[in-house]
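> generate a structure from the sequence data that follows.
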Amino acid sequence: MKKTRTSVAAAALIAVTALSYTGTSLATATAAAKAPTEVVLPVTVDDFRLSDQNLHSHELRQLGDASAVVLITQANNCPISRNTSAAVKALQDEYSAKGVEIFMLNSTPTDKREAIVAEAQSYGYNLPILIDTNQLVGEQLGVTRTAEAIVIDPKTWKIVYRGPIDDKVTYERQKAAADHTWAKDALDAQLAGKPVAVAKVEAVGCLVDFPERAKMAASKVTYVKNIAPMFEDKCVSCHEPGGIGPMPFTKFEEIAPFAPMIREMIRTQRMPPWRADPSVGHFLGDRSLSAAQIKTLVHWVEAGAPRGMGADPLASKTFTAPEWPLGKPDLVLDVPAYTIPANGIVDYQRPYIVNPLKEGKWLRASTIKVVNRQTVHHILTGYMAEVPGPGQVANESKWGTSLGGYAVGAESFVEPPNTGAFIPPGGAIGFQVHYTPYGQQVTEHSQIALYFWKDKPKYVMRNSVVLNANIVIPANKESTELQAYIDVPKDMMLYGAFPHAHYRGASSQFFMVEPDGKKTLLVSLPHYDFNWQREYNFVQPVKVPAGSKLLAVYTYDNSVRNPANPDHNRVVPWGDQSFDEMLYTAFHYEWVGETSDKMDQYKAYDKELTENRLFGMLDTKMNGKLDMSELTGPIGKDFAASFAKIDTDHDGFIEPNELLAAQAAGQKRRQQASQPGQAAPAAAPAQPAPEKTGGGQ
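As a prediction, this is how the structure comes out:
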């Protein structure tokens with residue numbers, strides 16, 4: 001029989017006939033069941049990271065404490081995958097409690113995430129389905145068919161078994177019960193520390209097409225022709241003298257020695273440092289590699305990183321990071337210098353400088369330059385109408401317009417065309433700086449470059465934040481999901497979002513929930529990385545109708561599997577320091593209809609936007625009313641103690657107006673208590689002042 005490549009859909013169409021009637025023969029399918037001869041099956045599994053259908057990220061090497069790892073290949077519409085769903089569930093039920101981690105692996109690029117979610121719901125898959133869109137994991141594993149179970153020993157990362165889960169479903173028949181339970185037998189042997197008796201059985205699922213496999217053998221990809229242009233476009237701006245990359249990549253002799261490491265960094269998604277899921281949204285300044293670029297780069301490494309003939313396209317050019325990437329600044333401000341000790345914990349520093357501007361300016365862009373990147377975690381800025389008094393700090397609660405911010409990978413901010421943020425004359429510029437000691441005492445003296453519009457822009461950029469200062473993350477828990485939202489009182493144009501958490505942050509999503517309940521995912525970071533933070537600015541601003549909610553959802557990994565976790569035995573609260581946590585998504589926006597000539601008319605909307613932030617922290621059911629079950633955490637418990645007094649209409653719920661009244665009463669009592677001779681009565685908890693970020697008003 002002549003061998004041909006068969007798509008999943010075609011194989012499924014053939015196989016469905018065989019599975020519709022028990023005992024029906026299908027000789028052609030039997031003959032096609034053998035794996036293509038060109039596929040080489042690996043002994044071990046290389047590390048990789050993939051996102052699942054629920055936008056959570058998984059890295060293989062972080063499962064090293066599992067007793068076994070099982071990958072079961074899957075494709076939508078494949079009847080053999082569907083008919084093994086009961087066997088998959090049986091494996092889960094028996095072995096998950098024994099420390100076995102079980103996943104499905106979908107290496108079919110035409111199966112999009114939404115369709116995989118629907119398939120999982122229809123056929124009862126209640127486990128992560130890893131989406132291998134670029135097929136790199138399936139290629140390395142030698143996958144050819146669906147419904148193949150690959151059992152891995154996490155101590156050695158060797159494959160101890162691969163083949164069907166059992167022999168209940170085959171091409172010719174579907175039995176009432178299996179005669180052979182190969183995957184179960186392999187897991188029992190693995191858990192008992194014994195050799196697996198049957199280590200390989202031919203897979204019988206639908207064929208999965210890997211078109212790059214045939215091309216790889218005859219590939220003519222070279223550094224000169226294919227890789228150098230890619231590096232110049234996406235990599236050199238960081239990996240150049242003076243750049244933020246730890247090594248230069250400006251010629252073949254610098255890149256080639258790192259080829260194996262480059263492959264690993266790509267497969268584990270540590271590089272490029274762009275965390276937005278490619279299937280969600282389109283963003284300005286996208287530094288990610290395309291699917292074609294990823295496959296080209298990995299296949300080039302796997303082919304031995306050939307140089308190719310001709311001159312080196314990179315070596316003939318001079319690369320040096322500019323002092324100011326946006327060009328010559330209109331004004332440079334010095335952040336007050338600070339000496340960071342070699343060890344210990346440094347509290348947030350809140351210095352300020354007197355504003356040197358003698359007349360108001362409209363900010364067009366800004367860049368913050370730091371000297372010691374290892375020690376500066378972030379810098380935030382804000383205009384203050386009054387200069388702090390002696391001994392006072394630049395507290396964020398008194399900030400107005402932001403002049404920009406810094407985090408590694410997010411060092412410049414540019415306003416959209418004809419849009420700016422107004423900086424008044426006089427007053428002061430406040431800074432919030434987070435320093436982290438790294439074993440060497442250094443003095444940091446950062447600078448901020450400002451770029452102004454020559455003429456007043458038409459539109460006004462503003463900034464706010466969705467946050468939850470009420471979070472509590474349990475100890476030794478691998479996945480804790482928490483959320484917060486903010487109500488939008490007027491039509492808004494949303495320009496970008498800046499997700500922020502600390503070391504335990506695992507994933508982050510940002511949604512728009514419209515008044516009719518329609519929920520749109522705007523930004524998704526399946527793999528949140530504390531080391532690389534940035535604002536994701538939409539190619540096209542998003543219209544947010546009045547009455548909508550902006551919802552931030554985060555997951556946290558407070559387990560031993562999180563290599564960045566400072567202490568997995570600790571219950572983690574909200575806090576400034578990185579060993580505590582945050583749920584914090586800043587965003588930039590314009591009010592629809594606002595122009596720079598009528599700013600005062602729109603200040604009330606900012607006030608309304610902020611006032612209900614606390615309610616969005618507590619309203620986990622998102623139904624506009626709080627019951628006692630939602631008043632958890634340090635802030636919620638304080639309100640729970642006064643529930644009867646706050647619930648003025650006695651309907652058993654706290655509505656937004658009742659919570660606002662309680663906050664106002666608490667604020668009044670605190671002000672009275674601060675007066676000399678006044679007693680300090682019990683007060684409702686204060687709403688935390690949000691950190692400022694970006695370049696908004």
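> separation between the residue nearest the centre of the chain and residue 261?
Centroid-nearest residue in the chain: residue 525, 2.1 Å away (criterion: CA atoms, centre = their mean). From residue 525 across to residue 261, the span is 24 Å (CB to CB, to the nearest Å). Heads up, the C-betas are built off the backbone N, CA and C, glycines and all.
> same thing with residue 192?
Distance from residue 192 to residue 261, by CB to CB: 37 Å.
> same drill for the two, tell me which one is more crowded.
Applying other CB atoms under 10 Å to residue 192 and residue 261 shows that residue 261 carries more neighbours, namely 13 against 8.
> tell me the first helix or strand C-terminal of the one helix or strand the more buried one maps to.
Assigned by DSSP states H and E, residue 261 belongs to helix 259-267. Counting by DSSP H and E, the next helix or strand C-terminal to helix 259-267 is helix 291-302.
> the nearest residue to residue 269 once chain neighbours are set aside: how many residues sit nearby?
The shortest distance from residue 269 to any non-neighbouring residue, by CB to CB, 6 or more residues apart in numbering, is to residue 49 (4.5 Å). Counted by other CB under 10 Å, the residues lying close to residue 49 total 19.
> returning to what we had before: the residue nearest to the centre of the chain touches residue 501, doesn't it?
No. Counting by CB atoms under 8 Å, residue 525 sits too far from residue 501 to count as a contact (9.5 Å).
> who does the residue nearest to residue 269 bridge with?
residue 59 (DSSP bridges).
> wait, what's in contact with it?
By CB atoms under 8 Å, 6 or more residues apart in numbering, residue 49 lies in contact with 57-60, 267-270, 527.
> please apply the same query to residue 232.
Here residue 232 is in contact with 313-314, 317 (criterion: CB under 8 Å, 6+ apart).
> how does it look with 10 Å?
Residue 232 is in contact with 249-250, 313-314, 317, 319, counting by CB atoms under 10 Å, 6 or more residues apart in numbering.
> CA-only coordinates of the helix holding residue 261 in PDB, if you can.
Extracted in PDB, the C-alpha atoms of helix 259-267 (Å, rounded to 0.1, in the frame of the first residue of the first chain):
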ATOM      1  CA  ALA A 259      22.300  27.500  20.300                       C
ATOM      2  CA  PRO A 260      21.300  24.600  22.600                       C
ATOM      3  CA  MET A 261      20.300  27.200  25.300                       C
ATOM      4  CA  ILE A 262      18.400  29.200  22.800                       C
ATOM      5  CA  ARG A 263      16.300  26.100  21.900                       C
ATOM      6  CA  GLU A 264      15.600  25.400  25.600                       C
ATOM      7  CA  MET A 265      14.600  29.100  26.200                       C
ATOM      8  CA  ILE A 266      12.200  29.000  23.300                       C
ATOM      9  CA  ARG A 267      10.600  25.600  24.200                       C
END
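> the stretch 551-697 of the chain: strands as residue ranges?
572-573, 584-591 (DSSP state E, counting those that start in this stretch).
> and residue 110, which of those strands is closest to it?
Nearest to residue 110 among those is strand 584-591 (32.3 Å), distances taken as CB to CB.
> could you dump the strands of the stretch 551-697 of the chain to JSON lines with mean pLDDT, distance to residue 635 and mean neighbour count?
Putting the strands of the stretch 551-697 of the chain into JSON lines (pLDDT from 0 to 100; distance: least, CB to CB, whole Å; neighbours: other CB atoms under 10 Å) gives the following:
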{"stretch": "strand 572-573", "mean pLDDT": "98", "distance to residue 635": "11", "mean neighbour count": "18"}
{"stretch": "strand 584-591", "mean pLDDT": "95", "distance to residue 635": "15", "mean neighbour count": "26"}
